[in-house]
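# sequence unknown, structure follows:
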């Protein structure tokens, strides 16, 4: 064991009733390093970090911290040991200030029994300043952007004297500039000796910020490598145990009739004079920075946001889409950017989520025919290769990739043929991404039309037939897939039309 090793895991095993989640896993973390934990959804990453954070108890194996074997009994115990985790979904109280969130549960109390607000704000501001971020400790968290909220989470961990920081998909909702600022913060933390376990599905950023990488597959340890000594294709092969020759296996479908046309669409202060068409068999990619109006455009087409001007034609007829129900009746489905809060009802079963938008189809004189629901759900679980123990499994327990397939299934179940995919592969692993891409190919081959909104330029370039770039609520440029480059897209996304 090297002198700079702070944490070791040996032969870690975790079982749930009928499931082996981790089997003989090992891991090592050194002082002041960024150690990437990599694997497909369902590989065991979340289970492993939940053991380290005290949310789960290991079934077998050893955890050695600072050369002493320990058992992490609870999240509070993990904090006392200097281990903190920042989840993809932040654990902040929006109504409280940044400072109050940072010291929540560890407030300074006056002799009078009142909380020492001045001390909290001063101490919190010191931590934020030390991180090199411009955040006022007095400001309410609800007034902060996503990247700033993430820095509040980091500051909260440091207020607990965390020596080991676990970051779960920290860049999933950040802009390129915000990612750069986050990486600068991570580098400062490394210089202070903080050790970071970093989980991400964005392989490009691993090579920018990581020192070493450990790969898990199907709950088992595969290998640990220095980032400098391994290629992206080698990592993918270790993750999926198969060679993915094409990350974007695009198949061109025959372009059919026009199914959607938008003329002069506008929402006051948000969207301005949007005009485009969509045909059967094609994928129209929409690129742009966060805040460019991409998601607002999707919401307006699905009847969530009311338009102030313009016309929408669906299959040749002008339509007024005032509600999602109207959009669904017209054959439009929306895969939302945030599948957990907007696309799924997490406590319901796989079957119920698939069938919910089509409940009228399964109803007879006011009663739902559950046998017909089961038959339909079984078909989509099989067709889309959704990995679930049963149709009754709550979707909260499925991996991100399988949750995404459930969302797609519900729109296929209600026979939508105009599909709006808003960040379709965000937060899912590379193997599941390729499955989503193959599914898109199948849908367009069968005559569906897809609008794909994505922040990942390789995805836009790899899977689109045409590409539309948005900037400040306007269409800044449009390209065929063959003529577009990342540089062109970024230029129009940043600068707008020439």
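Nice, thanks for sending it over. Quick caveat, the model's predicted, so the values are computed rather than measured.
# can I see the domain layout of this structure?
For the chain, automatic domain parsing gives the domain ranges 5-240, 258-495.
# how about the strands in the stretch 1-150 of the chain?
Counting by DSSP state E, counting those that start in this stretch, residue ranges of the strands within the stretch 1-150 of the chain are 5-16, 19-30, 34-38, 60-65, 68-70, 83-86.
# Please name whichever of the ones you listed is nearest to residue 402.
With CB to CB, the closest approach to residue 402 among these belongs to strand 19-30: 14.5 Å. No exception for glycine: its C-beta is placed from N, CA and C like everyone else's.
# which helices and strands sit right next to that closest one?
Other helices and strands packing on strand 19-30, by 3 or more CB pairs under 8 Å, 6 or more residues apart in numbering; DSSP states H and E, are strand 5-16, strand 34-38, helix 45-52, strand 195-199, strand 212-217, strand 220-226.
# Same list, the ones you listed, but as CSV with distance to residue 104 please.
Formatted as CSV, the helices and strands packed on strand 19-30 follow (distance: least, CB to CB, whole Å):
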stretch, distance to residue 104
strand 5-16, 26
strand 34-38, 27
helix 45-52, 21
strand 195-199, 22
strand 212-217, 32
strand 220-226, 36
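# could the ones you listed go into a markdown table alongside distance to residue 239, mean pLDDT and mean neighbour count?
Below are those laid out as a markdown table (distance: least, CB to CB, whole Å; pLDDT from 0 to 100; neighbours: other CB atoms under 10 Å):
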| stretch | distance to residue 239 | mean pLDDT | mean neighbour count |
| --- | --- | --- | --- |
| strand 5-16 | 19 | 94 | 18 |
| strand 34-38 | 6 | 94 | 24 |
| helix 45-52 | 11 | 92 | 22 |
| strand 195-199 | 13 | 93 | 23 |
| strand 212-217 | 6 | 93 | 22 |
| strand 220-226 | 8 | 95 | 16 |
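# Of all those, which one is nearest residue 291?
Closest approach to residue 291 among the helices and strands packed on strand 19-30 (CB to CB): strand 195-199, 26.0 Å.
# ok, now how distant is residue 8 from residue 187?
25 Å (CB to CB, to the nearest Å).
# In what element of secondary structure is the residue most central in space within the chain found?
When CA atoms, centre = their mean is applied to the chain, the residue found nearest the centroid is residue 427 (3.1 Å). Using DSSP states H and E, residue 427 sits within no helix or strand.
# May I have the phi/psi pair for it?
Main-chain dihedrals, residue 427, degrees, to the nearest 10: phi 80, psi 10.
# Who are the contact partners of it?
Counting by CB atoms under 8 Å, 6 or more residues apart in numbering, residue 427 touches 88, 169, 172, 201, 400.
# what's the answer for residue 465, then?
Residue 465 is in contact with 252, 255, 282-285, 480-481, counting by CB under 8 Å, 6+ apart.
# got it, and residue 342?
Residue 342 touches residue 336, counting by CB under 8 Å, 6+ apart.
# What score does it have for pLDDT?
Here the pLDDT value assigned to residue 342 is 81.
# what separates it from residue 302, distance-wise?
Relative to residue 302, and taking CB to CB, residue 342 is found at 11 Å.
# Quick check: end-to-end length of stretch 99-119?
Distance between the two ends of stretch 99-119: 10 Å, counting by CA to CA, to the nearest Å.
# Oh, that last question was meant for stretch 393-400, not what I typed.
The first residue of stretch 393-400 is 14 Å away from its last residue (CA to CA).
# Please enumerate residues in contact with it?
So stretch 393-400 is contacted by 40-42, 339, 344-350, 353, 386-388, 403, 406, 427-429, 432 (CB under 8 Å, 6+ apart).
# Which one of the strands of the stretch 1-150 of the chain lies nearest to residue 191?
Closest of those to residue 191 is strand 34-38, at 11.9 Å (criterion: CB to CB).
# just for the protein, where's the confidence low?
Low-confidence segments of the chain (pLDDT under 70): 1-3, 18, 41-42, 88-89, 107-108, 110-112, 173, 241-246, 496-498.
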